[in-house]
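Enquirer: What shape does this take:
(one chain, ligands or ions: 1)
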Amino acid sequence: MTEEQQKEPFGRGHPAIYGLYLATYLALDWVSYIHELPPLNITPWNPASGLSVAMLLAFGPRTIPLAALALMAADALVRGQPVAFWATALSDLGIALGYGFATHFLRTRLGVETRLRRLRDVAWLLGGMAVTASMVAVGYVAFFMTLGLFPWADLTRIAFRYWVGEVIGISVVAPLLLVHLGGVAWRPIPRLVAETLLQGMGIVVTLFLVFGLPAGAEGRLFYLLFLPAIWMAVRHGLEGATLAVAATQAGLIVGLVIEKFTISEVISFQLLMLALTVTILFLGAVVSERRRMEVRLHEQQSAIAHAARLTEAGEMASGLAHELNQPLTAAISYARAGRKLAVTEGASEALVGLLDKTVGQAERADRVIRGLRGFLRKGDSRRISATVGDLAGEALALVAAEAGQKGVVLKAVTPSDLPKVRVDQVQVQQVLLNLVRNAIQAIADAGGRRREVIVTARAASPGFIEVSVEDSGPGIPEDMRQRLFQPFATTKPDGMGLGLSIGRSIVEAHGGRLWADPERTGGAVFHFTLPTILEVDDDVEAL
Ligand code: ADP
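Expert: Predicted coordinates:
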């Protein structure tokens, strides 16, 4: 998926889409034209408003005139016009402008993503639309009151009715369209499998129980409708939640119409439906967000494991190159001296030739080794600006399970006002992860009573942040203290002894230092520093 597609999952709109919008708007308005309150014909269910909000959110304020046109067409063709055309047109324009600006505000100021991928997107959409609908409702009704259509005393009652229809219509339809038609990532979810059929049947059966049992039980049994909706939201996240809510609302309306409920009863049911919608959508959003985080965590884990393997391999190769360098240089010198001696002492041409070849081959090996060391030194890294709190939080999340198994408590003390650092996230997390893992292992092996690892971050010398990893284990073994950071120094039967030396290389490549507290008695403490970035850099980066 390109960045452009991520930002604009619905693209830039198209005349065919706008035509389809108008036709669907009229159809929805016609279907939902029940229990209208004359003379304005206010209805308790306005799914067409949800369609408009979805379009305004997806394609921006340039579609405000189209939304106004849809309202006017519906007034002319479906609802009838109790007042002069100019008044209807003006009120419709007011509604379109209200929703248009509110959705624009949600997107640009509050950063709501149109595909509603995060819980906060759903929360802002539902909350924002509840507030906007109340303003639109009061404005709309008050406008007609100034024209003498209702007495002013009825303002709250009629505006409330209008609000209920708007809010429930928007809350059910807008998320449904935004989540399922969100451009590139479209997939028919949930797939039509046995469970989905059962879920659909669950909705039908509970609707039947609510409306099919002897009259009068409907209100008391409404809570049953939560059950299949919760099932769908938990299993399929927001995608399932939006479908469940839409199916329940459609079924509810059919039930209410067939059973010929009065308008005040319909409004009570719509308020219950609103409670169901908000609960189920939030539940679905939480489930979706959790799943996405699990996937991200898994990806990060494998990225770190991969990086760790690569770095270990690199470190081994670098150690080997270092070890081979000296004997090779010596071998080349000996072979050259041997050749000289052979020439001065008049040895056979064959011997001189052989010594030539020896020098040539040894030099070739030397070039290969030098090339390898050069390559390893370059090592590419991708740096981004990050807070130490986030880095530590994510690293600790990766070892949380291991710590839990070993009964070790992990704590992070990372003040949120620390300046940011510019780092290769994977590499620095690898350093943190190794320090915390070492600490957990030391505590688990020693089997003491206090079992905790504390990661602390604080502003150190100007321009640096110092991160400390402290544990309640037995401390660094006496014989390890001198060679702690040397490659292959380990006290563990299955250890590589590379973690700390790699960690030091990574931190130093970032311009910081990594060290252990040598005088420390009790548990071990490791510290490392990272240079902070200037605020100016940060701003430039944000642009
Ligand atoms: P490895 O974990 O593979 O042994 P490291 O370089 O990460 O490699 O660690 C080297 C050694 O340092 C460990 O084998 C251990 O003896 C010692 N060490 C590291 N961290 C701690 C700690 N928190 N407590 C006690 N000893 C530690």
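
Enquirer: I'd like to know which elements the top helix by length along the chain is packed against.
Expert: Using DSSP state H to define each element, the chain has its longest helix at helix 263-344. On a contact count with 3 or more C-beta pairs under 8 Å, 6 or more residues apart in numbering; DSSP states H and E, helix 263-344 meets helix 119-146, helix 155-180, helix 218-221, helix 226-258, helix 349-378, helix 388-405, helix 425-446, helix 499-509. (Each C-beta comes from the backbone N, C-alpha and C, glycine too.)

Enquirer: Mean pLDDT, distance to Gly200 and mean neighbour count for these - can I get that in TSV?
Expert: Listed next are the helices and strands packed on helix 263-344 as TSV, based on pLDDT from 0 to 100; distance: least, C-beta to C-beta, whole Å; neighbours: other C-beta atoms under 10 Å:
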stretch	mean pLDDT	distance to Gly200	mean neighbour count
helix 119-146	95	23	19
helix 155-180	94	15	23
helix 218-221	77	19	14
helix 226-258	93	7	22
helix 349-378	78	58	13
helix 388-405	89	37	17
helix 425-446	91	44	22
helix 499-509	89	53	20
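
Enquirer: Can I get these in TSV including distance to the ligand?
Expert: Shown next, in TSV, are the helices and strands packed on helix 263-344 (distance: least, C-beta to the nearest ligand atom, whole Å):
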stretch	distance to the ligand
helix 119-146	37
helix 155-180	46
helix 218-221	60
helix 226-258	39
helix 349-378	18
helix 388-405	13
helix 425-446	3
helix 499-509	3
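
Enquirer: For those helices, could you give me TSV that also reports distance to Thr277?
Expert: Formatted as TSV, the helices and strands packed on helix 263-344 follow (distance: least, C-beta to C-beta, whole Å):
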stretch	distance to Thr277
helix 119-146	8
helix 155-180	5
helix 218-221	17
helix 226-258	5
helix 349-378	56
helix 388-405	32
helix 425-446	38
helix 499-509	49
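
Enquirer: of these, which approaches Pro462 most closely?
Expert: Closest to Pro462 of these is helix 388-405 (C-beta to C-beta; 16.3 Å).

Enquirer: Need the contact partners of that closest one.
Expert: With C-beta atoms under 8 Å, 6 or more residues apart in numbering as the test, helix 388-405 has contacts from 297, 300-301, 304, 409-410, 412, 414-416, 418, 421, 423, 425, 428-429, 432-433, 436-437, 440, 453, 455, 457, 465, 467, 530.

Enquirer: One more pass at 7 Å, please.
Expert: With C-beta atoms under 7 Å, 6 or more residues apart in numbering as the test, helix 388-405 has contacts from 297, 300-301, 304, 410, 412, 414, 416, 418, 421, 425, 428-429, 432-433, 436-437, 440, 455, 457, 465, 467.

Enquirer: what do you get for stretch 53-71?
Expert: By C-beta under 7 Å, 6+ apart, stretch 53-71 touches 10, 13, 18, 21-22, 25, 52, 92-93, 95-97, 99-100, 103-104, 106-107, 114, 129, 170, 173-174, 177-178.

Enquirer: please redo it, this time with the cut-off set to 6 Å
Expert: 10, 13, 18, 21-22, 25, 52, 92-93, 95-96, 99-100, 103-104, 114, 170, 174, 177-178 (C-beta atoms under 6 Å, 6 or more residues apart in numbering).

Enquirer: list the contacts for Phe211?
Expert: 255, 259 are the contacts of Phe211 under C-beta under 6 Å, 6+ apart.

Enquirer: Looks to me like it is in a helix.
Expert: Yes. Assessed by DSSP: H, G, I helix; E, B strand; the rest coil, Phe211 belongs to a helix.

Enquirer: Only whichever of the contacts of stretch 53-71 are buried, select them in ChimeraX.
Expert: Command for ChimeraX that selects the buried part of these, burial taken from 16 or more other C-beta atoms under 10 Å:
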select :10,13,18,21,22,25,52,92,93,95,96,99,100,103,114,170,174,177,178
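
Enquirer: quick one on the thing from earlier: measure how the longest helix of the chain sits relative to helix 119-146, angle-wise.
Expert: Interaxial angle, helix 263-344 versus helix 119-146 (axes from the mean of the first three to the mean of the last three C-alpha atoms, to 10 degrees): 150 degrees.

Enquirer: is the ligand contacted by helix 263-344?
Expert: No. Helix 263-344 lies out of reach of the ligand by C-beta under 6 Å from any ligand atom, never closer than 9.4 Å.

Enquirer: now do stretch 472-481
Expert: Yes. Under the criterion of C-beta under 6 Å from any ligand atom, the ligand is reached by stretch 472-481 at 473, 476-477, 480.

Enquirer: I would like a ChimeraX command selecting only the buried ones among those, please.
Expert: A single ChimeraX command selects the buried members of the residues of stretch 472-481 next to the ligand (16+ other C-beta under 10 Å):
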select :473,476,480
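
Enquirer: Make a markdown table from the residues of stretch 472-481 next to the ligand and add secondary structure and pLDDT to it.
Expert: Below are these laid out as a markdown table (DSSP: H, G, I helix; E, B strand; the rest coil; pLDDT from 0 to 100):
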| residue | secondary structure | pLDDT |
| --- | --- | --- |
| Gly473 | coil | 92 |
| Ile476 | coil | 92 |
| Pro477 | coil | 90 |
| Met480 | helix | 90 |
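
Enquirer: Look up how far the ligand lies from Glu519.
Expert: Relative to the ligand, Glu519 is positioned 15 Å away (criterion: C-beta to the nearest ligand atom, to the nearest Å).

Enquirer: List the contacts of Asp224.
Expert: You called it Asp, but residue 224 is Leu. By C-beta under 6 Å, 6+ apart, the contact list for Leu224 reads 206, 209.

Enquirer: Can you name the residue of the stretch 151-300 of the chain nearest the ligand?
Expert: At 20.3 Å from the ligand, Gln300 is the closest residue in the stretch 151-300 of the chain, using C-beta to the nearest ligand atom.

Enquirer: where's that residue relative to Gln430, distance?
Expert: 11 Å (C-beta to C-beta, to the nearest Å).

Enquirer: Contacts for the helix or strand hosting Thr103, please.
Expert: According to DSSP states H and E, Thr103 maps onto helix 85-108. For helix 85-108, contacts defined as C-beta under 6 Å, 6+ apart pick out 53, 56-57, 61, 64, 67-68, 71-72, 75, 81, 112, 124, 128, 132, 136, 140, 143.

Enquirer: just how off-centre is that helix within its chain?
Expert: 31 Å (C-alpha atoms, centre = their mean, to the nearest Å).

Enquirer: Also compute the angle for it relative to helix 155-180, please.
Expert: Using the same axes, to 10 degrees, helix 85-108 lies at 50 degrees relative to helix 155-180.

Enquirer: Low-confidence ranges, the stretch 201-350 of the chain, go.
Expert: Across the stretch 201-350 of the chain, the ranges flagged by pLDDT under 70 are 214-217.

Enquirer: how close does the nearest residue to Leu119 once chain neighbours are set aside sit to Val409?
Expert: The shortest distance from Leu119 to any non-neighbouring residue, by C-beta to C-beta, 6 or more residues apart in numbering, is to Ala285 (4.4 Å). Separation of Ala285 from Val409 (C-beta to C-beta) stands at 31 Å.

Enquirer: Of these two, give the one with the bigger neighbour count.
Expert: Between Ala285 and Val409, Ala285 has the larger neighbour count (other C-beta atoms under 10 Å), namely 27 against 13.

Enquirer: Get me the contact residues on the stretch 1-150 of the chain for the ligand.
Expert: With the criterion set to C-beta under 6 Å from any ligand atom, the stretch 1-150 of the chain never comes near the ligand.

Enquirer: any weak-confidence spans in the stretch 1-150 of the chain?
Expert: In the stretch 1-150 of the chain, residues with pLDDT under 70: 1-9, 11.
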